[in-house]
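Participant: predicted coordinates and the sequence they were generated for:
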Amino acid sequence: MNRERIESLYYKTYNYNTENIEIFYGDMGDSSSLNRIIRKCKPDEIYNLAAQSHVGVSFKIPEYTCDVVGLGVVRILDALKDFTIKTKFYQASSSEMFGNSSNQIQNEVTPFLPSSPYGCAKAFAYYMTRVYREAYNMFACNGILFNHESPRRGENFVTRKITLSLARIKLGLQEKLFLGNLDAKRDWGYAKDYVEAMWLILQNDKADDFVIATNETHTVREFAEKAAKLLDFDIEWQGEGINEKGIDSNTGKIIIEVIPKFYRPLDVNFLLGDSSKAKKELNWHPKVNFNELIEIMVNADLENVKKINYMKSFNE
C-alpha cells in the first residue's frame, strides 16, 4: 500500500504517541470492508476522493473505473443509509461530467455529456448521491471540482508532467517533453484552495451541490509556455497538430513534441467553471491564480529533481 504522501504525518504521529491519525485499509470494490470501517470509526464526515482518476487510463480499463468510481460510491452511501450516526458525506464529482456539453461557462444546471468512462462513472456517482440525499434525507453533497493541481499531483497528469519534465530538461536529465492535445482548455486551480471548498460544503446549513472553479480557462499550450518561461526557456512553436514542436529559442533545441499516443479517443476540448453559487453561499474564493499555481509547481519540482539527483550522485 502506497503511503508516500502521508508518511511524514504518519511517523510524526507514531513517534509522539498521539492518536491524530489511524489508517484503515479498505477497497471501494469491497462492501464488507467499507461497512466495517464506517462502523468502527463512526465518522462525522466522509470525503470520498477514492477513484481511478486518470481520464486517459479510464479508456483502457473502463470496467474497473466504473466499478470503483461509480459503484464504489453506492457502496458507501448504502452503508451510511441505515447507520445510526448521521454522517455527512462529500462526493468528489468532476468537471469531466460536462464533457463537450457546451463551449460556454458551466455551472450547477449545465447538462452533463461525459466523454470518457471516467466522466460517465462520475456522473452516475453524482446522481446516486442526489438520490440517496432525497430518498433517505442524508446529508450527502457533490462538489463538482474543476481541475485542481499541486506539487502532489500524479506524474502522469499533464500539469505535473509538464513541470517535472521541464525541470528535468533544465538540469540536463531529460531531453524532451511529450504531450498530446495542446489546445485543450481547462479551468485550473490550486488543490489547497479546493480542499477548503470541500470542507465548507459539509459545513453548510443544508446538503447541496456546488461547482468549484476559478472561472478562467487556459490551454495546455499556455501552461507549458508559462512553466518553461519560469525555467528560462523561451518556447517558439513550429508545425501543426501532431507535427507541432516547441523549440527553445535560446538554444534552438526541440524540447517539446506532440505525439498521437497522448491523444484521447474522445477528448474534452473546453472546460470553464462558474463558481458563483459557492462564492455566494459558502463565501469561497480561490486564493491562488493560474500563474501562481504554475510557479508553485515548477519551484517544487525543480527542488525535488535537484534533491533526487544529488542523492543519486552521492550514493554512486
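Facilitator: Yes, it's here.
Participant: please name the residues that touch residue 118.
Facilitator: Contacts for residue 118 (C-beta atoms under 8 Å, 6 or more residues apart in numbering) come out as 51, 52, 53, 54, 55, 58, 65, 69, 94, 96. Every residue, glycine included, has its C-beta placed from N, CA and C.
Participant: now the end-to-end length of stretch 154-163.
Facilitator: 11 Å (C-alpha to C-alpha, to the nearest Å).
Participant: now intersect the contacts of residue 118 with the strands, please.
Facilitator: residue 94 (DSSP state E).
Participant: out of the contacts of residue 118, which are inside helices?
Facilitator: The helices, defined by DSSP state H, take in 55, 58, 65 from the contacts of residue 118.
Participant: where does this protein have low pLDDT?
Facilitator: 1, 10-20, 102, 310-316 (pLDDT under 70).
Participant: show me the helices in the chain, by range?
Facilitator: 7-15, 31-41, 55-60, 62-66, 72-81, 117-136, 158-170, 191-203, 220-230, 276-281, 290-315.
Participant: residue 90: which of those helices is closest?
Facilitator: The closest of these to residue 90 is helix 191-203. By C-beta to C-beta, the value is 5.4 Å.
Participant: tell me which residues in the closest one are buried?
Facilitator: Neighbour-count burial for helix 191-203 flags 191, 193, 194, 196, 197, 198, 200, 201, 202 (criterion: 16 or more other C-beta atoms under 10 Å).
Participant: stretch 219-231 now?
Facilitator: For stretch 219-231, by 16+ other C-beta under 10 Å, it's 219, 220, 221, 222, 223, 224, 225, 226, 227, 228, 230, 231.
Participant: in a markdown table: those residues, plus distance to residue 155.
Facilitator: Listed next are the buried residues of stretch 219-231 as a markdown table, based on distance: C-beta to C-beta, whole Å:
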| residue | distance to residue 155 |
| --- | --- |
| 219 | 21 |
| 220 | 16 |
| 221 | 20 |
| 222 | 21 |
| 223 | 15 |
| 224 | 16 |
| 225 | 20 |
| 226 | 19 |
| 227 | 14 |
| 228 | 18 |
| 230 | 18 |
| 231 | 17 |
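Participant: filter the contacts of residue 118 down to the buried ones.
Facilitator: 51, 52, 53, 54, 55, 58, 65, 69, 94, 96.
Participant: which of the residues you listed sits closest to residue 156?
Facilitator: Among the buried ones among the contacts of residue 118, and counting by C-beta to C-beta, the member closest to residue 156 is residue 54, at 6.2 Å.
Participant: any figure for the gap between that closest one and residue 160?
Facilitator: Going from residue 54 to residue 160 by C-beta to C-beta, to the nearest Å gives 12 Å.
Participant: who touches both of the two?
Facilitator: Contacts common to residue 54 and residue 160, judged by C-beta under 8 Å, 6+ apart, are residue 154.
Participant: show me which of the contacts of residue 118 is closest to residue 272.
Facilitator: Nearest member of these to residue 272, counting by C-beta to C-beta, is residue 96, at 13.3 Å.
Participant: what's the separation between the closest one and residue 149?
Facilitator: Counting by C-beta to C-beta, the gap from residue 96 to residue 149 is 15 Å.
Participant: residues near the spatially closest residue to residue 300 that is not a sequence neighbour, how many?
Facilitator: Leaving aside its sequence neighbours, residue 300 sits nearest to residue 151 (C-beta to C-beta, 6 or more residues apart in numbering; 3.5 Å). Residue 151 has 16 neighbours, counted by other C-beta atoms under 10 Å.
Participant: isn't residue 151 up against residue 296?
Facilitator: Yes - in this structure, residue 151 is within contact of residue 296 by C-beta atoms under 8 Å, at 6.7 Å.
Participant: and residue 234, what does it touch?
Facilitator: Contacts of residue 234 by C-beta under 8 Å, 6+ apart are 228, 248, 249, 250.
Participant: of the helices of the chain, which is nearest residue 266?
Facilitator: Counting by C-beta to C-beta, residue 266 lies closest to helix 55-60 out of those; the figure is 8.1 Å.
Participant: ok, and what's touching that closest one?
Facilitator: Residues from elsewhere that reach helix 55-60 (C-beta under 8 Å, 6+ apart): 52, 65, 96, 116-119, 121, 156, 262, 264-265, 268.
Participant: hmm, which two among those are most spread apart?
Facilitator: Pairwise distances across these (C-beta to C-beta) peak at 21.7 Å, for the pair 121 and 262.
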